[in-house]
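Undergrad: sharing a model prediction with you, sequence too.
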Amino acid sequence: MSEEPLKVGIVCPYAWDSPGGVQFHIRDLRDALVRLGHTVSVLAPAEDDSALPDYVTSTGKPVAVKYNGSVARLNVGLRSTRRLRDWIRDGDFDVMHVHEPISPGISAVAIWAAQGPIVATWHSSMEKSRALSVGFYIAQTVMEKTRGRIAVSELARRTLVDHLGGDAVLIPNGVECSNFAAGKPFPGWPGSGGALFFLGRLDEPRKGLSILLEAMPAIAEANPDVRLLLAGPGDAAEIAERVPGDIADRLTFLGLVSEEDKANAFHSADIYIAPNTGGESFGIVLLESMASGTAVAASDLEAFRRVLDDGRAGVHFRNQDPADLARVVNGLLADPELRQELISAGRERALLYDWSRVAREIVDVYRSVRMPGEKVTEDLRRQFVGRWSRSTAKGAQS
Amino acid sequence: MSWWVWLLLALILLALFSLYLSQTAGRLDQLHRRVDAGLISLDRSLLERHTVASEVAGAQLPDPVTAEVIADAVREARRVGTADDVSRGLAESNLSQVLTMAFDDPDEISELAVGLGGDLMTDLEGATRRVQMSRRFYNDAVRACRDVRYQWLVRVFRLAGFTEWPQPFEMDDTPPPGFGVR
């Protein structure tokens, strides 16, 4: 297809300077789009405007309010709407790409205030009640004005199809494969006795750490020098107290790690273990492990089976079954050849999800919703006062 | 109340009503743009698929016999052209099915990709994916546009003007199963 570069405006509803999946997604997407030669501007709320990268425009500081039974940090109101409208007008965008449009925040406002080639990405799946709680009017506007819709997982797509009566294409989250391939093992790791790696909140039951810990005695029996590396927030001392002393000695806690140390941790292990028991709609961490060149052993959740290509790019054990986990991990530790096979299959699989490829698919979406030469413009249909004030301001200037 | 109060009320109501009509007309205009953009993109991606598929056939991929079947499906789709949606849909569906038959095995595709066919396989994967995507967006736009055009006020006041009644495009657009299924 014709390949003239595009000017893209991306809207992020969550504070740019607080960490979160959507923010990371947008940051990596922006980097990948720039590498493909496109121009990108991001609009997002921010706690502190001074620390933002130059491609981010702030709509101001979000405020904690009670909404729909829980506390949400929102950034709506006249001031942020004015900044948003200025951004749309000055941006002269070929495409506006809005993330998580059915969240109460600037995303829905952005769709309301703009017209033209608008694309939206749904990240999370939602219950019907929540999907409809944003109100019929917002949902209708969002569905009518988004010309192209992207869902990052099959679950997120189902939300759209079942509750909002529209369709979407499935484009998964990307992985920055080269960053993970470039990791370096920590000194002394992985060693020869077998090194395992767990990543996730230590005290979140759905991450399944307790299942892995229950399996540890059986793994240690077969592999006397096995060690377990753990990364993620949570009370390490409490975990170490809970397991037998022999097992506690084998644990190394890294705490919350940076992106760079995460890659290093994958390289420090022979096997990455994902004992998650549910609530995973995708499984990006598995891909990060595969991109790092570390074999994956994961529970047989549907999302994980999909990512591991039904066991071709990693091994599965029965969900919530410590005995099966131990059996699978022992088998994999004893078979370096199988590990090598999984590693090369995993590397190839991860490339399917590399940002370079994912970003190209997203650009396909941008091009497919746009008439040649079309631009995103301000939607002034409900803005009689705004239109009037603007025309008088222009009159005063000239 | 005196007559001028009634007149004033009627005028205000009339003003509000015409405001509503003008806004709905604007909304409908945007929906028609969405449909048009979708149709342009659908046409473009179907033509792109013709081009890539005939290149693949020209390179005698995956084998000379299958290549001839692909080439024939492309010729037929080109011959049918854009005049009639139903025969067009049938011809394009036939091309989809031929491609599905030809490229159903991921292992064979990775073998082809190592040889000369690497770029062609990438192009064909992209072309078949874009057909599915643009058709999905187009039919979605048609549905949204029709929802508004069904409203009785829109019909009575002819807010859609002389624009055609949008039609969805029906075809089998399943991409060949051999291309990197995620």
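TA: Alright, I've got the coordinates.

Undergrad: leaving out sequence neighbours, find the closest residue to residue B:179.
TA: residue B:125 (4.3 Å; CB to CB, 6 or more residues apart in numbering or on different chains). Where you see a C-beta, it was placed from the backbone N, CA and C, and this is true even at glycine.

Undergrad: check for me that the one you found belongs to a helix.
TA: Yes: counting by DSSP: H, G, I helix; E, B strand; the rest coil, residue B:125 is found in a helix.

Undergrad: so what's the gap between the helix or strand in which residue A:253 is found and the chain middle?
TA: According to DSSP states H and E, residue A:253 maps onto strand A:251-255. Counting by CA atoms, centre = their mean, to the nearest Å, strand A:251-255 is centred 24 Å from the centre of its parent chain.

Undergrad: who are the packing partners of whichever helix or strand residue B:71 is part of?
TA: Using DSSP H and E, the element containing residue B:71 is helix B:64-80. Packing partners of helix B:64-80 (3 or more CB pairs under 8 Å, 6 or more residues apart in numbering or on different chains; DSSP states H and E): helix B:3-58, helix B:85-102.

Undergrad: check whether the longest one comes near chain A.
TA: Yes: using CB under 8 Å from any CB of the partner chain, a contact is recorded between helix B:3-58 and chain A, made by B:23, B:26-27, B:30-31, B:33-34, B:36-38, B:40-41, B:44-45, B:48.

Undergrad: just the buried residues of the helix holding residue B:71, please?
TA: Neighbour-count burial for helix B:64-80 flags B:66-67, B:70-71, B:73-74, B:76-77, B:80 (criterion: 16 or more other CB atoms under 10 Å in any protein chain shown).

Undergrad: ok so, going back, would you list the helices and strands packed on helix B:64-80 in JSON lines and tack on mean pLDDT, distance to residue A:270 and mean neighbour count?
TA: Listed next are the helices and strands packed on helix B:64-80 as JSON lines, based on pLDDT from 0 to 100; distance: least, CB to CB, whole Å; neighbours: other CB atoms under 10 Å in any protein chain shown:
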{"stretch": "helix B:3-58", "mean pLDDT": "92", "distance to residue A:270": "42", "mean neighbour count": "16"}
{"stretch": "helix B:85-102", "mean pLDDT": "92", "distance to residue A:270": "40", "mean neighbour count": "18"}
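
Undergrad: out of these, nearest to residue A:264?
TA: helix B:3-58 (41.9 Å; CB to CB).

Undergrad: quick one: the closest one to helix B:64-80, angle?
TA: Using axes from the mean of the first three to the mean of the last three CA atoms, to 10 degrees, the direction of helix B:3-58 lies 150 degrees away from that of helix B:64-80.

Undergrad: contacting residues for residue B:176?
TA: Residue B:176 is in contact with B:99-100, B:102-104, B:124, B:128, counting by CB atoms under 8 Å, 6 or more residues apart in numbering or on different chains.

Undergrad: again, 6 Å this time
TA: Residue B:176 makes contacts with B:99-100, B:103, as judged by CB atoms under 6 Å, 6 or more residues apart in numbering or on different chains.

Undergrad: sec struct for it, please.
TA: coil.

Undergrad: what's the closest non-adjacent residue to it?
TA: Per CB to CB, 6+ apart, closest to residue B:176 is residue B:103, 3.8 Å.

Undergrad: assess the claim that the one you found and residue B:178 are in contact.
TA: Yes: counting by CB atoms under 6 Å, residue B:178 is a contact partner of residue B:103 at 4.4 Å.

Undergrad: more neighbours: the two, which one.
TA: residue B:103 (25 against 22; other CB atoms under 10 Å in any protein chain shown).

Undergrad: quick check: the gap between the more buried one and residue A:317.
TA: Distance of residue B:103 to residue A:317, given as CB to CB, to the nearest Å: 34 Å.

Undergrad: same question, residue A:309
TA: Taking CB to CB, one finds residue A:309 at 16 Å from residue A:317.

Undergrad: neighbour count for those two, which is higher?
TA: residue A:317 (24 against 18).

Undergrad: that one bridge partners, please.
TA: residue A:299 (DSSP bridges).

Undergrad: looks like it contacts residue A:324 (just checking).
TA: Yes: with contact defined as CB under 6 Å, residue A:317 reaches residue A:324; the gap is 4.4 Å.

Undergrad: what number of residues lie near residue A:20?
TA: Other residues close to residue A:20 by other CB under 10 Å number 13.

Undergrad: ditto for the one 4 residues further on
TA: One way to gauge burial is a neighbour count; for residue A:24, by other CB under 10 Å, it gives 14.

Undergrad: in chain B, which residue is closest to the centre?
TA: residue B:135 (3.0 Å; CA atoms, centre = their mean).

Undergrad: not counting sequence-adjacent ones, nearest residue to residue A:25?
TA: The shortest distance from residue A:25 to any non-neighbouring residue, by CB to CB, 6+ apart, is to residue A:173 (6.1 Å).

Undergrad: how close does that neighbour sit to residue A:123?
TA: Distance from residue A:173 to residue A:123, by CB to CB: 8 Å.

Undergrad: between these two, which contacts overlap?
TA: residue A:152.

Undergrad: sorry, back to before: what do residue B:103 and residue B:178 both touch?
TA: residue B:109.

Undergrad: so how far is residue A:58 from the residue of chain B found nearest chain A?
TA: Nearest to chain A in chain B, going by CB to the nearest CB, is residue B:41, at a distance of 4.0 Å. Per CB to CB, residue B:41 is found 34 Å from residue A:58.

Undergrad: can you check residue B:53 too?
TA: As judged by CB to CB, residue B:53 and residue A:58 stand 48 Å apart.

Undergrad: what's the angle from the host helix or strand of residue A:262 to strand A:251-255?
TA: With elements taken from DSSP H and E, the one containing residue A:262 is helix A:259-267. If you take the same axes, to 10 degrees, helix A:259-267 sits at 160 degrees to strand A:251-255.

Undergrad: pLDDT of helix A:259-267, averaged?
TA: Regarding helix A:259-267, the rounded mean pLDDT is 92.

Undergrad: give me the buried stretch members for that helix, please.
TA: Buried, per 16+ other CB under 10 Å, within helix A:259-267: A:261-267.

Undergrad: alpha carbons of that helix, as CSV, please.
TA: Extracted C-alpha coordinates of helix A:259-267, given in CSV (Å, rounded to 0.1, in the frame of the first residue of the first chain):
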residue,chain,number,x,y,z
GLU,A,259,12.3,-3.4,32.8
GLU,A,260,16.1,-3.9,32.4
ASP,A,261,16.4,-6.1,35.4
LYS,A,262,13.4,-8.1,34.3
ALA,A,263,15.2,-9.0,31.1
ASN,A,264,18.4,-9.8,33.1
ALA,A,265,16.3,-12.1,35.5
PHE,A,266,15.0,-14.1,32.5
HIS,A,267,18.6,-14.6,31.4
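
Undergrad: list the helices and strands it packs on?
TA: Contacting helix A:259-267 under the criterion 3 or more CB pairs under 6 Å, 6 or more residues apart in numbering or on different chains; DSSP states H and E are the following elements: helix A:284-292.

Undergrad: who's in contact with the helix it packs on?
TA: Applying CB under 6 Å, 6+ apart, the contact partners of helix A:284-292 are A:173, A:175, A:177, A:180, A:183, A:199, A:263, A:266-267, A:272, A:274, A:296, A:298, A:307, A:346, A:349-350, A:353.

Undergrad: quick one: mark the members of those that sit in helices.
TA: Among the contacts of helix A:284-292, the ones falling in helices (DSSP state H) are A:177, A:180, A:263, A:266-267, A:307, A:346, A:349-350.

Undergrad: biggest separation within these, which pair?
TA: A:267 and A:307 (19.9 Å).

Undergrad: what about stretch A:275-282, how long is it end to end?
TA: Terminal residues of stretch A:275-282 lie 14 Å apart, using CA to CA, to the nearest Å.

Undergrad: which SSE is residue 142 in?
TA: You didn't say which chain, so I picked chain A. Using DSSP H and E, residue A:142 falls within helix A:136-145.

Undergrad: wait, chain B
TA: Going by DSSP H and E, residue B:142 is part of helix B:118-149.

Undergrad: good, we can wrap up now.
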